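[1] predicted model, plus sequence, below.
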Amino acid sequence: MKEEIISIETVVSKMLIEKNLTISTAESCTGGLVSATLINYPGISSVFMEGCVTYSNESKINRLGVNPDTLKVYGAVSEETAREMAEGIAKNFDTNVAISTTGIAGPGGGTIDKPVGLVYIGIYINGKTTVNKYILKGNREDIRLRATKNAINDLRLRLLEL
């Protein structure tokens with residue numbers, strides 16, 4: 001008998017629906033891929049509220065409420081910004097769950113301190129936010145796809161704790 005392979009987005013979407021947890025996303029480096037991946041699952045519309053691609057600092061401030069001082073002190077690609085992005089989108093759209101992504105997908109833009117492939121993923125669930133840091137390898141497309149899969153898996157792991 002052949003085993004069926006179930007995608008991670010199917011697993012996460014089912015968990016969100018079964019737990020009746022609404023979700024929103026705030027994406028920078030992934031450019032909407034997290035939202036697009038989640039909405040592959042039929043029925044996700046019962047819990048998926050909104051996805052924002054907040055690429056510029058201005059949109060992070062205006063749409064998500066990221067503190068301008070956070071951006072000045074830590075930069076757009078930082079744990080602090082990822083945290084404020086996740087908390088901001090959850091607050092603005094009144095969702096139980098939020099995912100944020102911010103990073104440097106390349107090929108340019110990297111520095112010694114913040115190399116190409118550096119990605120921060122924020123996961124907000126019912127008032128608690130965690131941020132994971134990744135250094136991902138590959139070209140721009142690879143980094144964006146890997147960041148998306150990591151974001152959805154990070155959410156899966158947090159949902160298992162509930």
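    Here it is on my side, so go on. What you see is a predicted model, and the numbers here were worked out from it, not measured in a lab.

[2] could you check how far S28 is from I135?
    Noted for S28: a distance of 17 Å to I135, by C-beta to C-beta, to the nearest Å. Heads up, the C-betas are built off the backbone N, CA and C, glycines and all.

[3] and S56, by the same measure?
    From S56 to I135 the distance is 24 Å (C-beta to C-beta).

[4] can you get me a residue count around G109?
    Neighbourhood size, G109 [other C-beta atoms under 10 Å]: 14.

[5] now it: closest residue in space, sequence neighbours ignored.
    In space, and not counting its chain neighbours, G109 is closest to V116: 6.7 Å by C-beta to C-beta, 6 or more residues apart in numbering.

[6] so who does that neighbour touch?
    V116 makes contacts with I104, A105, G106, P107, G108, G109, G110, I143, as judged by C-beta atoms under 8 Å, 6 or more residues apart in numbering.

[7] as a markdown table, those with pLDDT and distance to V97 would be great.
    Converted to a markdown table, the contacts of V116 look like this (pLDDT from 0 to 100; distance: C-beta to C-beta, whole Å):
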| residue | pLDDT | distance to V97 |
| --- | --- | --- |
| I104 | 98 | 25 |
| A105 | 97 | 24 |
| G106 | 95 | 29 |
| P107 | 95 | 32 |
| G108 | 94 | 33 |
| G109 | 93 | 29 |
| G110 | 93 | 30 |
| I143 | 98 | 24 |
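
[8] what packs against the top helix by length along the chain?
    Ordering each helix of the chain by length in residues (DSSP state H) puts helix 140-160 first. With contacts taken as 3 or more C-beta pairs under 8 Å, 6 or more residues apart in numbering; DSSP states H and E, helix 140-160 sits against helix 8-18, helix 33-38, strand 97-103, strand 118-125, strand 128-135.

[9] and of these, who's closest to L160?
    helix 8-18 (8.0 Å; C-beta to C-beta).

[10] contacts for the closest one?
    With contact meaning C-beta under 8 Å, 6+ apart, helix 8-18 is reached by 21-23, 37-38, 40-41, 43-44, 46-48, 97, 149, 152-153, 155-156, 159.

[11] now list the buried members of these.
    Neighbour-count burial (16 or more other C-beta atoms under 10 Å) is assigned, among these, to 21-23, 37-38, 41, 44, 47-48, 97, 149, 152-153, 155, 159.
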